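> when you get a sec, could you give me coordinates for this:
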Amino acid sequence: MTIANATRRALLLMFASATFFGLMAFCAKLASARLSGSQVAMIRFAIGLLPPLLITRYRNAALTFQRFDLLIYRGFFGGMAVLFYFLAIEHTSVGVATLLNYTAPLFSGVFSMLFIGEKISPKVLIPMPVALTGIFLVVHAHARPEDILGFGRWELLGLCSALCSGVAVTAMRAARRGENSWAVYTSFCLFGVFVTSPFAIATWKSPLRDEWFALIATSLLAIAAQLLLTFTLRWVDAMTVGVISQLAVIVSMFLGARFLNETINMMAAIGALLTIGGVVGVVYVTSLSKRVVAAEEVAPES
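As a prediction, the model looks like this:
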């Protein structure tokens, strides 16, 4: 296979990955109609552990690591990011929750500069306010009278999911210098189970048959999306990954509007475009100093 053909294939797989992440959010919303977001998140992590548990090659790779402390940080904060994300999905629209979660690059760039010495261009100060303005417009479009500047507790939790994702990505950037992808992935799912299980058990409801379909679909889509994302790393640069990953926001917003009657008025649409454009701008500026970065570095925890 030529490099050009491999690149085209990777781009198609990247589009599939972003689409799967959007579909995953939609299925999580269906599952959380009666079940708690924390329960959905725990089951998603538990099923995600099956590949390294059942396949010897992946299990051996997962048990090979150098910096267990960094894997703990990545797993713990990654688990918190998904927990907050799924709780936001449960209590807000799937489009708004996904949009907020996908602002993670705004935080990961700052944390990487502060904690692991990465240099961030001052040009980031141009697109970042654009993204923040977009976030304000989106949440204000769905604001309730008791919200503060349009932000209710669940919108704030959605932003917290992006913040925790930024911490996890920073730990992963450091861990990637000596850790393999399966060790990083397994730590994410394993600590994700530990983080979500107390809340899931406290709110546990026995899933009905249709809910099991939604739960399994959420988990399998997450696994497929993550594996496809990892595969594209060799052939797709960070800027391209950052742009295409935003397709997940569009997919989730479309599915929510089409099948769940979630409204997208003009203010929300403009805010979404500004947010996506601002995030893409931040990814572009920060990727100028890096030839290639991990796909996970420009995609949120999900």
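
> tell me the contacts of Ser151?
In this structure residue 151 is Phe, not Ser. Taking CB atoms under 8 Å, 6 or more residues apart in numbering as the criterion, Phe151 is in contact with Val139, Ala143, Leu159. Heads up, the C-betas are built off the backbone N, CA and C, glycines and all.

> next up, identify which helix or strand the second one is on.
Which is Ala143. In this structure, Ala143 sits in neither a helix nor a strand according to DSSP states H and E.

> now it. Its backbone dihedrals?
Note on Ala143: its backbone torsions stand at phi -70, psi 150 [degrees, to the nearest 10].

> coming back round to it: which of the contacts of Phe151 has the most neighbours?
Counting neighbours by other CB atoms under 10 Å, the top entry in the contacts of Phe151 is Val139, with 25 neighbours.

> backbone dihedrals for that one, please?
phi -70, psi -30.

> show me where pLDDT drops low in the stretch 1-150 of the chain?
The stretch 1-150 of the chain contains residues with pLDDT under 70 at 1-4, 146-150.

> where along it do the helices fall?
3-31, 37-48, 50-54, 56-62, 68-91, 94-101, 104-115, 127-141 (DSSP state H, counting those that start in this stretch).

> of all the ones you listed, which one comes closest to Ala168?
helix 68-91 (3.9 Å; CB to CB).

> can you pull the buried residues of the closest one?
70-71, 73-91 (16 or more other CB atoms under 10 Å).

> now stretch 151-163
So, applying 16+ other CB under 10 Å, buried residues of stretch 151-163: Phe151, Gly152, Trp154, Glu155, Leu156, Leu157, Gly158, Leu159, Cys160, Ser161, Ala162, Leu163.

> tell me which residues in stretch 193-205 are buried?
Val193, Val195, Thr196, Ser197, Phe199, Ala200.

> re the thing from before, closest one to Gly242 out of the buried residues of stretch 151-163, please.
Ala162 (14.1 Å).

> and that closest one, what helix or strand is that in?
Going by DSSP H and E, Ala162 is in helix 153-175.

> ok, then the element right after that helix?
Per DSSP H and E, the helix or strand that comes after helix 153-175 is helix 181-202.

> for the helix holding Ala162, output the C-alpha coordinates as CSV.
Backbone C-alpha positions of helix 153-175 (Å, rounded to 0.1, in the frame of the first residue of the first chain) are rendered in CSV as follows:
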residue,chain,number,x,y,z
ARG,A,153,-25.0,22.7,37.3
TRP,A,154,-25.0,20.2,34.4
GLU,A,155,-23.5,22.6,31.9
LEU,A,156,-20.8,23.3,34.4
LEU,A,157,-20.3,19.6,34.8
GLY,A,158,-19.9,19.3,31.1
LEU,A,159,-17.1,21.8,31.2
CYS,A,160,-15.6,19.9,34.1
SER,A,161,-15.5,16.9,31.9
ALA,A,162,-13.4,18.8,29.4
LEU,A,163,-11.2,20.1,32.2
CYS,A,164,-10.6,16.6,33.6
SER,A,165,-10.0,15.4,30.1
GLY,A,166,-7.3,18.1,29.7
VAL,A,167,-5.6,16.8,32.9
ALA,A,168,-5.8,13.2,31.6
VAL,A,169,-4.4,14.1,28.2
THR,A,170,-1.5,16.0,29.8
ALA,A,171,-0.6,12.9,31.8
MET,A,172,-0.9,10.8,28.7
ARG,A,173,1.4,13.1,26.8
ALA,A,174,4.0,12.5,29.4
ALA,A,175,3.2,8.7,29.7
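
> elements contacting it?
helix 68-91, helix 94-101, helix 104-115, helix 181-202 (3 or more CB pairs under 8 Å, 6 or more residues apart in numbering; DSSP states H and E).
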